[in-house]
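[1] sequence-free structure coming up:
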């Protein structure tokens, strides 16, 4: 297991690499990357679905400017309602639908 600072440094390096401009034909493509960070070790006892929900929530907090990049998901993030119009149970989501 990597210490949090080491893990965050590696994730920051990955983000930097992913944001490098790309040349395609005559165009320079500039990419922006949104990453959410959740470490299972920081959320002991949570299911992988909850850890993924935490990462998703963390990503949107950073993307919307409520937190700075390298924000680590908390247990509250793992239990947050779906964000940005995502619905539990929709194809591609990671939590089962809740009863209405």
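    Looks like it came in fine. All values reported here derive from a predicted model rather than from experimental measurement.

[2] How confident is the prediction for residue 54, by pLDDT?
    With respect to pLDDT, residue 54 has a value of 94.

[3] so who does the nearest residue to it once chain neighbours are set aside touch?
    Spatial nearest neighbour of residue 54, excluding adjacent residues (C-beta to C-beta, 6 or more residues apart in numbering): residue 73 at 3.3 Å. In this view, the C-beta of every residue, glycine as well, is placed from N, C-alpha and C. By C-beta atoms under 8 Å, 6 or more residues apart in numbering, the contact set of residue 73 is 36-39, 42-43, 51, 54-55, 57-58.

[4] Equivalent analysis for residue 21, please.
    By C-beta under 8 Å, 6+ apart, the contact list for residue 21 reads 28-31.

[5] Repeat that for residue 70.
    8, 11-12, 37.

[6] Which one of the contacts of residue 21 is nearest to residue 1?
    Nearest to residue 1 out of these is residue 31 (C-beta to C-beta; 30.1 Å).

[7] residues near the closest residue to that closest one other than its chain neighbours, how many?
    With sequence-adjacent residues excluded and distances taken as C-beta to C-beta, 6+ apart, residue 31 is closest to residue 19, at 5.6 Å. When counting by other C-beta atoms under 10 Å, one arrives at 11 neighbours for residue 19.

[8] Phi first, then psi, for residue 29.
    Per-residue torsions, residue 29: phi -100, psi 130 (degrees, to the nearest 10).
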